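**Q** requesting a structural model of the entry that follows:
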Amino acid sequence: MNYISVDFHLQYLNSYTLFIQGGLKEDHLAVVNKDNEVVVCLSYDNENPSMEAARLLSMPFEHVYVSLPHQNIIWIPSEVFALDDLSLYTDYFVHTEVEHIAVKQFSEQGITALYQIEPALQSRWRRLFPNVNIVPHFEAVLHQAWKHQDEAESVLGVYVNDSSADLFLLVHGELRIYNTYEVKTLEDLSYFVLSIMKNFSIEGKYKQILLGGVSLSSVWAERLAFYGEEVKPLVIAGNWHSENEEVTQAIHKFSILEELVVCAS
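**A** Down below sits the predicted model:
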């Protein structure tokens, strides 16, 4: 995807919002105007950005939201977690300094996530955009999942991103597992989907599967249909729109970014 609208004008830069989903190999970038129109939509190799991507990343956007993958994550019931005890969990992380461990509480669900994003990756984005809002990718994904307000017996969430996939399980609305797996083939995906099914004693099929990062017409959706009674899009239709048909078709790859504003508020 490489789209820059003729309506994208530098003199209106202060009125635009830049959204980026950072991946392990590929980044997805969207620029949205005040009317929620997507005026720029790019995917690029983050180690070798295209000229268009490099030019956009050098512009002084005032409103910037970046979603980044976590390096490590552990889940703790909020009722037994105390911020003063953070040092007790350092051995679970690659970077064991307390200052590199972030905390996110999901008050309605009664759980707290302790997570880590590669410090060098965060520093890179803060150098580019000092006022950047950095949100862990799992937070945006879960916000979308809980928007469905479905307390089905077993809901599997799958978000495909580059050569990995985030898989999580909701049982009657409660989060039971959230992990990122290396997924390069359909067989890889099947292995992890079935492993979760076995580990949590789910018989037959998942009542529902929420799929993000790819369309419902993809081979990923076709494979997941074997394991769920229903496969639905993870991202509920938002406010973003475009006059470009290709962008409209590809918006499933970017629309999770719309959730970043809510997460950062």
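**Q** buried residues, stretch 3-19. List them.
**A** Within stretch 3-19, the residues that count as buried by 16 or more other Cβ atoms under 10 Å are 3, 5, 8, 16, 17, 18, 19. C-beta: built from backbone N, CA, C; applies to glycine.
**Q** farthest-apart pair in these, please.
**A** The span of those, defined through Cβ to Cβ, is set by 3 and 17 at 16.5 Å.
**Q** of the buried residues of stretch 3-19, which belong to helices?
**A** When DSSP state H defines the helices, the subset of the buried residues of stretch 3-19 inside them is empty.
**Q** turn the residues you listed into a markdown table, columns for pLDDT.
**A** Shown next, in a markdown table, are the buried residues of stretch 3-19 (pLDDT from 0 to 100):
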| residue | pLDDT |
| --- | --- |
| 3 | 87 |
| 5 | 88 |
| 8 | 89 |
| 16 | 94 |
| 17 | 93 |
| 18 | 94 |
| 19 | 93 |
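**Q** where's residue 123, which helix or strand?
**A** helix 119-128 (DSSP states H and E).
**Q** pull the residues that contact that helix.
**A** 20, 22, 57, 66, 68, 95, 100, 132, 134 (Cβ atoms under 8 Å, 6 or more residues apart in numbering).
**Q** where does the prediction get shaky in this structure?
**A** Across the chain, the ranges flagged by pLDDT under 70 are 149-152, 237, 251-255, 262, 264-265.
**Q** now do the strands in it.
**A** 2-4, 17-21, 26-32, 38-45, 63-68, 72-77, 102-106, 111-116, 133-136, 155-161, 164-171, 174-182, 208-212, 231-233 (DSSP state E).
**Q** mind putting those into CSV with distance to residue 195?
**A** Conversion of these to CSV gives the following (distance: least, Cβ to Cβ, whole Å):
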stretch, distance to residue 195
strand 2-4, 37
strand 17-21, 26
strand 26-32, 26
strand 38-45, 30
strand 63-68, 26
strand 72-77, 18
strand 102-106, 24
strand 111-116, 22
strand 133-136, 24
strand 155-161, 11
strand 164-171, 9
strand 174-182, 9
strand 208-212, 15
strand 231-233, 19
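**Q** look up phi and psi at residue 82.
**A** Note on residue 82: its backbone torsions stand at phi -130, psi 130 [degrees, to the nearest 10].
**Q** what's the burial count for it?
**A** 10 (other Cβ atoms under 10 Å).
**Q** kindly report the same for the one 3 residues further on.
**A** Residue crowding around residue 85 was assessed by other Cβ under 10 Å; the count is 10.
**Q** repeat that for the one 5 residues further on.
**A** The tally of other residues near residue 90 (other Cβ under 10 Å) stands at 14.
**Q** please name the nearest non-neighbouring residue to residue 259.
**A** Excluding the flanking residues, the one nearest residue 259 by Cβ to Cβ, 6 or more residues apart in numbering is residue 140, at 4.2 Å.
**Q** which strand residues bridge residue 171?
**A** With DSSP bridges as the criterion, residue 171 is bridged to residue 174.
**Q** same question for residue 105.
**A** Bridge pairing for residue 105 - DSSP bridges - gives residue 112.
**Q** in contact with it, which residues?
**A** 78, 111, 112, 113.
**Q** was I right to think the first one contacts residue 113?
**A** Just to be clear, that refers to residue 78. No. Judged on Cβ atoms under 8 Å, residue 78 makes no contact with residue 113 at a distance of 10.0 Å.
**Q** out of the contacts of residue 105, the closest to residue 158 would be?
**A** Distance ranking of the contacts of residue 105 against residue 158, using Cβ to Cβ, places residue 113 first at 18.9 Å.
**Q** for the residue nearest to that closest one when sequence neighbours are not counted, which residues are in contact?
**A** Leaving aside its sequence neighbours, residue 113 sits nearest to residue 104 (Cβ to Cβ, 6+ apart; 4.6 Å). If a contact means Cβ under 8 Å, 6+ apart, then residue 104 has 112, 113, 115, 136, 139 as its contacts.
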